[in-house]
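J.: Predicted model and sequence follow; I will ask about them next.
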Amino acid sequence: MEWSDSWRGAFRIELRAEAVNLAWHGWSVLPGTYPAGGQWAGRDGVEDHGPVPVHRDWQDRVGTRADQVATWWTGGSYSILLATGHGVDAVEVDADLGRRAAVALRATGIPVPIVATPAGRWMFLVASGGVVIADPGVTHHAQGEYVPLPPSPAHHGVVHWRVKPQICAWQLPHANVVHEALLSAPSYDLVAADRS
């Protein structure tokens, strides 16, 4: 994305405000590399293929207080990364399954924060722990991993909320709630097979 300096400055302020808000709610956020000129920059001058923690000792920084988080975003542009396994895990699926699972969750009346990436991946944020479906199309991000959070930039757009955490009053469901929604989401392949 090519932005003017004024837009870049305003966006940096928005990223900082969101990072502080997330940390204030107890989420373990970290600064991540930022796309610049078609590359990911911001980690000791190293360019990476996607957002990674800026600090190599990021696991030692998990749980940092909101005031310290604010200082990380003061002087630079960084993506927002969530260190999973510290109160919040992420269940990642493709957008098609994500939409169907979101419909199933809405039908049960259980709100779950959902993050969507420009690359067509959806992440359901759940309380840490639990086991999710053992399926190649479902990834459970837990201890020792991280995922991008809104409004982190990507090469072809911005990571955004499909359902904000305020909707569930920052109370995350257990992973089995999403597990059940994924299992109950109708499969287009199965529907097509039934019509034959």
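T.: Yes, it's here. Numbering: from 1, shown residues only.

J.: mind saving the C-alpha coords of the helix ranked longest in the chain as CSV?
T.: For the chain, the longest helix by residue count, based on DSSP state H, is helix 5-24. Taking Å, rounded to 0.1, in the frame of the first residue of the first chain, the C-alpha atoms of helix 5-24 are listed here in CSV:
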residue,chain,number,x,y,z
ASP,A,5,3.1,10.7,5.1
SER,A,6,0.0,12.3,6.7
TRP,A,7,-2.1,9.1,6.2
ARG,A,8,0.8,7.0,7.4
GLY,A,9,1.1,9.1,10.6
ALA,A,10,-2.6,8.9,11.3
PHE,A,11,-2.6,5.2,10.7
ARG,A,12,0.3,4.8,13.1
ILE,A,13,-1.7,6.6,15.8
GLU,A,14,-4.7,4.3,15.2
LEU,A,15,-2.4,1.2,15.5
ARG,A,16,-1.0,2.5,18.7
ALA,A,17,-4.4,3.3,20.2
GLU,A,18,-5.7,-0.2,19.3
ALA,A,19,-2.6,-1.9,20.7
VAL,A,20,-2.9,0.0,24.0
ASN,A,21,-6.7,-0.8,24.2
LEU,A,22,-6.0,-4.5,23.6
ALA,A,23,-3.2,-4.6,26.2
TRP,A,24,-5.4,-2.7,28.7
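
J.: What's the local residue count around the residue nearest to Gly130 when sequence neighbours are not counted?
T.: Leaving out its chain neighbours, the residue that sits closest to Gly130 by CB to CB, 6 or more residues apart in numbering is Ala175, at 3.2 Å. (Each C-beta comes from the backbone N, C-alpha and C, glycine too.) Applying other CB atoms under 10 Å, we find 22 other residues in the vicinity of Ala175.

J.: Show me where this protein has its strands.
T.: 29-32, 34-36, 39-43, 46-48, 79-83, 88-94, 114-116, 121-127, 139-141, 146-149, 153-154, 157-158, 160-163 (DSSP state E).

J.: can you list those in JSON lines and add distance to Ala19 and mean pLDDT?
T.: Converted to JSON lines, those look like this (distance: least, CB to CB, whole Å; pLDDT from 0 to 100):
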{"stretch": "strand 29-32", "distance to Ala19": "5", "mean pLDDT": "94"}
{"stretch": "strand 34-36", "distance to Ala19": "13", "mean pLDDT": "76"}
{"stretch": "strand 39-43", "distance to Ala19": "14", "mean pLDDT": "64"}
{"stretch": "strand 46-48", "distance to Ala19": "19", "mean pLDDT": "59"}
{"stretch": "strand 79-83", "distance to Ala19": "5", "mean pLDDT": "96"}
{"stretch": "strand 88-94", "distance to Ala19": "14", "mean pLDDT": "96"}
{"stretch": "strand 114-116", "distance to Ala19": "14", "mean pLDDT": "98"}
{"stretch": "strand 121-127", "distance to Ala19": "16", "mean pLDDT": "97"}
{"stretch": "strand 139-141", "distance to Ala19": "18", "mean pLDDT": "93"}
{"stretch": "strand 146-149", "distance to Ala19": "8", "mean pLDDT": "96"}
{"stretch": "strand 153-154", "distance to Ala19": "13", "mean pLDDT": "86"}
{"stretch": "strand 157-158", "distance to Ala19": "15", "mean pLDDT": "89"}
{"stretch": "strand 160-163", "distance to Ala19": "14", "mean pLDDT": "96"}
